[in-house]
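Chemist: take this sequence and fold it.
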Amino acid sequence: MISFVLLSTFRNSVALMPRNYSVSAKKETISFVLLSTFRNFAPSKRKDMAKNPKWQDEYWLLLMQLYLCQPVGVKPLYSRGMVELSMELHIAPKVLFGKMCQLASIDTPRIERVWETYGHSPRRLSRAVRLLREMKGFGNADEFYSGVEVNETFEKDFKPCITDPMVLTPVMLTLILDLYFRLTPITMVAKTPEVAELAKLIGLKPQEVADVMDVFQHCDPYLNRRDITLSPLLLPCQQIWQRYGNCDTLQLAQLAKELKEYFKS
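Modeler: Model (predicted):
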């Protein structure tokens, strides 16, 4: 509801402005009007944020735009579009996935109104989304979005944890660990088809994947390797091993299957 009022206010503000207004003057005026309007809804905003401190009604528009991307429908949990929107909003993919399922099922009057207003008008939806993103560039954007906590717990998994000797993210290491548990030490080499296939998917060379698996062997207590490695990969590999090394391999396999969607899209 807030988003609709804000967008209507924006259109009315632009229409009433003199033609000779400068760009900066227009932005300052629009920013002031939007912020004033938003403050009138502050009590309801705080009430909604108490249920979900990160979700705001405006986000339905961003989620709908992603939903309507080809192929239309609910996107995989870790598809690239879902992850990128999650990182933009600082909301975990699982939360957005749940919200997208709500959007698809149209299970509330509010969501029904969103569909009625934007579902059959891609241009209108595009303009609304562009406006929401442009508001972040206004001088008072921090005030406008105050109260939204930023938690990078899941975001770190998709950002490089090491850049030398290769660029790796925790997600990439998780996929390599999943393959590690499917192979024997003698097959953890570049010429193994499964190693080459995973390397192609995540954008590495087969030998680089094999090198990571070699470091994982130093983390594996069952192998009890006595040689010492000074590889810079050791610490990030140890961190991933601590998270998943002792968990159910079937659960890890399911997670890896979902994470692969990020690299397929």
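Chemist: mind checking how far the closest residue to D157 other than its chain neighbours is from Q238?
Modeler: Nearest non-adjacent residue to D157, counting by C-beta to C-beta, 6 or more residues apart in numbering: P170, 4.4 Å away. In short, each C-beta sits where N, CA and C put it, glycine included. Using C-beta to C-beta, to the nearest Å, P170 is found at 12 Å from Q238.
Chemist: and the two? Which one has more around it.
Modeler: Neighbour count, other C-beta atoms under 10 Å: between P170 and Q238, P170 has more, with 20 against 15.
Chemist: ok, the more buried one touching Q239?
Modeler: Yes: look at P170 against Q239 with C-beta atoms under 8 Å: they come within range, at 7.4 Å.
Chemist: any common contacting residues for these two?
Modeler: C161 (C-beta atoms under 8 Å, 6 or more residues apart in numbering).
Chemist: tell me who's in contact with the residue nearest to D157.
Modeler: K156, D157, F158, C161, P236, Q239, I240.
Chemist: who does the helix or strand hosting V129 touch, helix- and strand-wise?
Modeler: Assigning secondary structure by DSSP states H and E places V129 in helix 122-134. Under the contact definition 3 or more C-beta pairs under 8 Å, 6 or more residues apart in numbering; DSSP states H and E, helix 122-134 sits against helix 2-16, helix 59-67, helix 109-118.
Chemist: list the buried ones in it?
Modeler: L125, A128, V129, L131, L132 (16 or more other C-beta atoms under 10 Å).
Chemist: so it versus helix 109-118, what angle?
Modeler: 110 degrees (axes from the mean of the first three to the mean of the last three C-alpha atoms, to 10 degrees).
Chemist: chain center to helix 122-134: distance?
Modeler: 19 Å (C-alpha atoms, centre = their mean, to the nearest Å).
Chemist: grab the nearest non-local neighbour of C219.
Modeler: In space, and not counting its chain neighbours, C219 is closest to W241: 4.1 Å by C-beta to C-beta, 6+ apart.
Chemist: I meant I106, not that one.
Modeler: Of all residues not flanking I106 in the chain, E112 sits nearest, at 5.4 Å (C-beta to C-beta, 6+ apart).
Chemist: verify the stated contact: the one you found with L103.
Modeler: No: between E112 and L103 there is no contact under C-beta under 8 Å: 10.5 Å.
Chemist: and those two? which has more neighbours close in?
Modeler: Between E112 and L103, counted using other C-beta under 10 Å, the more crowded position is L103 (21 against 12).
Chemist: and the more buried one, what element?
Modeler: Using DSSP H and E, the element containing L103 is helix 93-105.
Chemist: for that helix, packing partners?
Modeler: Here helix 93-105 touches helix 59-67, helix 80-89, helix 109-118, going by 3+ C-beta pairs under 8 Å, 6+ apart.
Chemist: and the angle from that helix to helix 59-67?
Modeler: Using the same axes, to 10 degrees: helix 93-105 against helix 59-67 is 80 degrees.
Chemist: relative to helix 80-89, how tilted is helix 93-105?
Modeler: 110 degrees.
Chemist: distance between the ends of stretch 217-224?
Modeler: 8 Å (C-alpha to C-alpha, to the nearest Å).
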